[in-house]
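A.B. asks: Please work out how this folds:
(chains A and B)
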Amino acid sequence: MADNSRRDFMGKVFGGWAALGGLGALYAAKKTWDPLPSVKAAGFTKVDLSAAEPNVLNVEKWRGKPIFILKKTPEMVANQTDEETARDVIVGNDHFLICIGLCTHLGCIPAYRPDKHDFKCACHGGEFNASAINTAPPPPSPMVIPPFRLDGTTIILGEEGPEYKKMKEAGVIA
Amino acid sequence: MAHFEKARNLEEWLDQRLAIKTLRRVLAEEYWIPKNINFLWAMGMVLAITFGILLVSGIFLLMYYQPNIETAFDSVNYTIMQEVEFGWLWRHMHAVAASVVFLIIYIHMFTGIYYGSYKKGRELIWISGMLLFVTFSAEAFSGYMLPWGQMSYWAGMVITNLFSLGSLEFNGLVEWIRGDYVPGQAFLTRFFMLHVLLLPLAIIGLIGLHFGTLRIPHVNNQDGEEIDFDEEAKKYLAGNKKEAKVIRFQPDFLSKDMFVVSIFLIFYFYLVFWHFDFAMDPINFDPADGLKTPPHIYPEWYFLWSYEILRPFPKDPGLIAFGFAQVIFFFLPFLDKSPNVAPASRRGMFKVWFWVMLVDMIVLTVMGKLPPQGIYSSIGFVAAVIFIGLWIVLPIITKKEKAV
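C.D. replies: Below is the predicted model:
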């Protein structure tokens, strides 16, 4: 065999630089697929809660996702457990359910059944009660409560206020 | 410079520069196919032709389609369907071919399973074929996003959510795939790119690989007989065509192939002109709406069996079962422990295994279409458990199988 050490050396140098360039390109490709800043800054949604009717589901949009806002009737509040009450957003004397309206199974939007005070997901048959806690499988967890801050009767979605932080500490967000 | 004689005609001129006569001989005239086969061996050519139809009809659709969340729906349902002359033809050809291509893929796969055409040197044929199945599935899914109707949107939502991997909650990965919190413009444009460029390129490359894997082991035959192709080819070329167990790929086998292709095309164009609606879900004629889930979400028929394996279980076990169903067919050549290359009918317990698997997948497909309630849920659950169980028993029953 002829002495190929110089060819080998050049091959290794080329290979090394090519691998480095390949890694750089992979990093750039990964970042290219990230959500754009304009998408991330899709901002904050303000909702006035004072106009809500009891037992009527309002659906708002926040970062492209549906947000369920349900004002509970006094009977519903009286009949619910502490675990459920811990998830309520309380404005004055009114109790609200506020959550991201996506089934925690695969992200379909469950429908509210006012007569039964619960949510039913048509995709795979999952059910949630009026506090968005899962009561029938397949969803493995309650619907998620989005970050919020209260300002009088207005709720700002996307900001973490003291009430949200309290819920987070109590571990009832999701 | 190499020496060139003056050519007498175009063929010779090309042959001097490209060796086309050698190419034709090696790739077609002396590529040997066993005589002992039936019409099921023509499915590969049917698939190649269907892919060609998808490519050509897709090119025409691409001239008017707009990958923009505001205009995509109308560019398909108004511009292509109503304004463009014969736009409806390309769309219906594309949609029907996308659906029937899976019917043929499944027939092609089950033919291979039945005759044992995945072992003793044919493992790579099977594996490259499964890679084609996966890329075709991705191609079908990405194409389904493009009309941006309700089913497009919600199928996109549900399928990309699978990548959160259940309780692992990889939401960052889901958002990275979508380029947004929910399917939006970034999502539509990147799936458009995948559908019209990256995946078709991968498919064309894989088809080349699939053909390549076939070259050395050759195609199987109805008895799984080991043929000495060199010996049989000699007989054929010596003029002893009657005794030779093989025929040329071109023109002998291809003429039979094209006969089956013709029958298929009659069926296909019948669907295109009179029953295109089966490939057109009515719900997808509503524009995408991120705030309204359709009451019942189901995939196209060819994904129903794996969807039904996901559905009857709780979230995490369901995902594991679904992942299992997606990859397990790849391992067939290694899970089948029997050295027999023979039709399933001569392989004892494997015969039962084959037919139970086929029926089970049809049951899963039917249950996947029905709403997930009551008895349907139970049947779906049992069928999903049987599917997994069949793969667990496969190595055991094939290990015990007697040599034939």
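
A.B. asks: Could you pick out the residues of chain A near chain B for me?
C.D. replies: Contacts of chain A with chain B, taken as Cβ under 8 Å from any Cβ of the partner chain, map to A:30, A:33-36, A:39, A:42, A:59, A:61, A:63-66, A:104-109, A:122-125, A:137-140. For glycine as for every other residue, the C-beta is placed from the backbone atoms N, C-alpha and C.

A.B. asks: So which of those belong to strands?
C.D. replies: Among those, the members falling in strands (DSSP state E) are A:59, A:61, A:65, A:66.

A.B. asks: Show me which pair in those is furthest apart.
C.D. replies: A:59 and A:65 (10.2 Å; Cβ to Cβ).

A.B. asks: of these two, who's got more company?
C.D. replies: Applying other Cβ atoms under 10 Å in any protein chain shown to residue A:59 and residue A:65 shows that residue A:65 carries more neighbours, namely 19 against 14.

A.B. asks: Dump the ones in strands among the residues of chain A next to chain B to CSV, plus pLDDT.
C.D. replies: CSV is the format used below for these (pLDDT from 0 to 100):
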residue, pLDDT
A:59, 83
A:61, 81
A:65, 80
A:66, 84
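
A.B. asks: which of the residues you listed lies closest to chain B?
C.D. replies: Closest approach between those and chain B, by Cβ to the nearest Cβ: residue A:66, at 4.9 Å.

A.B. asks: Now do the shared contacts for residue A:59 and residue A:65.
C.D. replies: When contacts are counted by Cβ atoms under 8 Å, 6 or more residues apart in numbering or on different chains, the set common to residue A:59 and residue A:65 consists of residue A:101.

A.B. asks: looking only at pLDDT, what's the mean for the longest helix anywhere in chain A?
C.D. replies: Using DSSP state H, we find that the single longest helix of chain A is helix A:5-32. Here helix A:5-32 scores 93 as its mean pLDDT.

A.B. asks: Now do it: distance to the chain's middle.
C.D. replies: The chain centroid and the centroid of helix A:5-32 are separated by 40 Å under Cα atoms, centre = their mean, to the nearest Å.

A.B. asks: Check stretch B:351-368 too.
C.D. replies: From the chain centre to the centre of stretch B:351-368 is a distance of 18 Å (Cα atoms, centre = their mean).

A.B. asks: Name the surrounding residues that touch that stretch.
C.D. replies: For stretch B:351-368, contacts defined as Cβ under 8 Å, 6+ apart pick out B:110, B:113-114, B:298-299, B:301, B:303-309, B:311, B:344-345, B:376, B:379-380, B:383-384, B:386-387, B:390, B:393-394, B:397.

A.B. asks: same question, stretch A:119-129
C.D. replies: Contacts of stretch A:119-129 (Cβ under 8 Å, 6+ apart): A:68, A:84, A:103, A:105-106, A:108-113, A:117-118, A:130, A:132, A:134-139, A:142-143, B:158, B:293-297, B:311, B:372-373, B:377.

A.B. asks: swap the cut-off to 7 Å and go again
C.D. replies: For stretch A:119-129, the external contacting residues (Cβ atoms under 7 Å, 6 or more residues apart in numbering or on different chains) are A:103, A:105-106, A:108, A:110-113, A:118, A:132, A:134-139, A:142-143, B:293, B:295-297, B:311, B:372-373.

A.B. asks: Please check those residues and keep the buried ones.
C.D. replies: Buried subset of the contacts of stretch A:119-129 (neighbour count, 16 or more other Cβ atoms under 10 Å in any protein chain shown): A:103, A:105-106, A:108, A:110, A:112, A:118, A:132, A:134, A:137-139, A:142-143, B:293, B:297, B:311, B:372.

A.B. asks: Please parse chain A into its domains.
C.D. replies: For chain A, automatic domain parsing gives the domain ranges A:5-34, A:40-170.

A.B. asks: Pull the distance from the shortest one to the chain's centre.
C.D. replies: In this case it means domain A:5-34. Mean C-alpha position of domain A:5-34 versus that of the full chain (Cα atoms, centre = their mean) differs by 38 Å.

A.B. asks: Ok, stretch B:304-318 next?
C.D. replies: 22 Å.

A.B. asks: Flag every residue of the stretch 151-300 of chain B that's near chain A.
C.D. replies: Residues of the stretch 151-300 of chain B lying near chain A by Cβ under 7 Å from any Cβ of the partner chain: B:157-158, B:161, B:167, B:175-176, B:179-182, B:184, B:186, B:290-293, B:295-297.

A.B. asks: State the distance from residue B:31 to residue B:236.
C.D. replies: Distance, residue B:31 to residue B:236, using Cβ to Cβ, to the nearest Å: 12 Å.

A.B. asks: A helix includes residue B:131, no?
C.D. replies: Yes - counting by DSSP: H, G, I helix; E, B strand; the rest coil, residue B:131 is found in a helix.

A.B. asks: tally of neighbours for it?
C.D. replies: Residue B:131 has 17 nearby residues by other Cβ under 10 Å.

A.B. asks: now stretch B:17-31: how far from the chain's centre is it?
C.D. replies: In this view, stretch B:17-31 has its centroid 29 Å away from the chain centroid, taken as Cα atoms, centre = their mean.

A.B. asks: Identify each buried residue in it, please.
C.D. replies: Neighbour-count burial for stretch B:17-31 flags residue B:31 (criterion: 16+ other Cβ under 10 Å).

A.B. asks: cool, stretch B:253-270 as well?
C.D. replies: Going by 16+ other Cβ under 10 Å, stretch B:253-270 has these buried residues: B:253, B:254, B:256, B:257, B:258, B:260, B:261, B:264, B:265, B:268.

A.B. asks: Which members of those residues are positioned in helices?
C.D. replies: Per DSSP H, the subset of these in helices is B:254, B:256, B:257, B:258, B:260, B:261, B:264, B:265, B:268.
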